[in-house]
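Asks: Got a sequence here, can you build the structure:
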Amino acid sequence: MFLFAGGLISAQDRAISPNQLPKTAKTFLYAHFKGIPVSSAVEDREIYGVDEYKVYLNNGMKMEFDSNGNWKEVDGKHQKLPYGFIPVSIRNYATRNFPNTYIVKVEKKRWAYKAELSNGLELEFDKNGNFKKIDD
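Replies: Below is the predicted model:
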């Protein structure tokens, strides 16, 4: 009988204590989301080790961190994000060009940033925070 061992190489999510997050992620949470309790933290493991961490806050916000604890995505779930960690050029562009909106989600990719506004527009920026296009 042949058994397929595919289960051994699949990703595994594991609930962890917020204290088990990398120091960088804990510092980020303390600096920008102080006073908002973490409802859950998840470690996403791949065969080579930790791939990323997902953190859910009591107010519904969700964030993803890389294996070193650097933020990759912060999703306010339609709530205004604190702007302290968002590059200044992105904050300024959004405030100047869309004055009656606010940033509700931001993603940091390898070569770009994406910022979603409260009106549903998605703005794309290069890795230096220079505006590239609107992606609605």
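Asks: what sits against the spatially most central residue of the chain?
Replies: The C-alpha lying nearest the average C-alpha coordinate of the chain belongs to E73 (CA atoms, centre = their mean; 1.8 Å). Each residue near E73 by CB atoms under 8 Å, 6 or more residues apart in numbering is listed here: 63-64, 105-108. The C-beta positions use only the backbone N, C-alpha and C, and glycine is treated the same way.
Asks: Go again with 6 Å.
Replies: Each residue near E73 by CB atoms under 6 Å, 6 or more residues apart in numbering is listed here: 64, 107.
Asks: for the one 10 residues further on, same thing?
Replies: With contacts defined as CB under 6 Å, 6+ apart, the neighbours of Y83 are R91.
Asks: any idea how far it is from V74?
Replies: Per CB to CB, to the nearest Å, Y83 is found 11 Å from V74.
Asks: which strands and helices sit next to the helix or strand bottoming out on mean pLDDT in the chain?
Replies: Across the helices and strands of the chain, mean pLDDT, DSSP states H and E gives its lowest value to strand 12-16, namely a mean of 90. Here strand 12-16 touches strand 38-46, going by 3 or more CB pairs under 6 Å, 6 or more residues apart in numbering; DSSP states H and E.
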